[in-house]
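> I need the structure of the sequence given here:
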Amino acid sequence: MNTTNEVKHLLFEELEHIVRTSCNLIRKISPEHWGYRPADNMRNLQELVHHLVSVPAVDLLILQEKSESEIRALEAEIAAGTDKETLIGWMNSGTVDVKHYMEELSEEEFLHKKTKPFYLEHGSVQAKWLIEIVTHTQHHRAQMFSYLKTLGYEVNMFDLY
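So this is what the prediction gives:
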């Protein structure tokens, strides 16, 4: 296996781990806590979960230079979901799609092909996009973990590893 594929594999492994642990945390949420909002300028727990589960699929559309309307439509479809297993399904299928897209790229494309989101003037290479998807997902998993801790859920570092 070449070095680029090894790096891809490690990033996929980390993304899949973050998704798996995120799904386990989502399953712990009691419906009465969906409306919990730590501060007025923050998402409530349900909005946070909607955003978290959308990250792989939505970020994939963004890096593929899809239109803002296509991206907003997917976000709205996910945001309409209230069933935890359906939301988890969105996250898992988005992750599979990201992995498939990245695996299909040649080494040259992965390292040098730039794509530009609708909201920026500059693009990023595909390798950087994959790193962004991993860190974006991890960031929101950490937020959700903090919400759950604040609400008194019995969660600890073992829920993350």
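> could you look up the SS state of the closest residue in space to residue 148 that isn't next to it in sequence?
Closest residue to residue 148 apart from its sequence neighbours, by C-beta to C-beta, 6 or more residues apart in numbering: residue 155 at 5.0 Å. Where C-beta positions appear, they are placed from N, C-alpha and C, glycine not excepted. Assigned by DSSP: H, G, I helix; E, B strand; the rest coil, the conformation of residue 155 is coil.
> how near is residue 155 to residue 18?
For residue 155, the distance to residue 18 (C-beta to C-beta, to the nearest Å) stands at 15 Å.
> comparing these two, which residue is more hemmed in?
Just comparing residue 155 and residue 18: by other C-beta atoms under 10 Å the higher neighbour count belongs to residue 18, 26 against 18.
> after the host helix or strand of the more buried one, which helix or strand is next?
For residue 18, the host element (DSSP states H and E) is helix 3-28. Next helix or strand after helix 3-28 toward the C-terminus (DSSP H and E): helix 45-63.
> identify the residues contacting the residue nearest to residue 148.
Going by C-beta atoms under 8 Å, 6 or more residues apart in numbering, residue 155 touches 25, 28, 145, 148, 149.
> who's in contact with the most centrally placed residue in the chain?
Centroid-nearest residue in the chain, with C-alpha atoms, centre = their mean: residue 55, separated by 3.1 Å. The contact partners of residue 55, taken as C-beta under 8 Å, 6+ apart, are 91, 94, 133, 136, 137, 140.
> any idea how far the fourth one is from residue 118?
Relative to residue 118, residue 136 is positioned 17 Å away (C-beta to C-beta).
> now swap in the last one and tell me
Distance, residue 140 to residue 118, by C-beta to C-beta: 21 Å.
> looking at these two, which is more packed in?
residue 140 (20 against 13).
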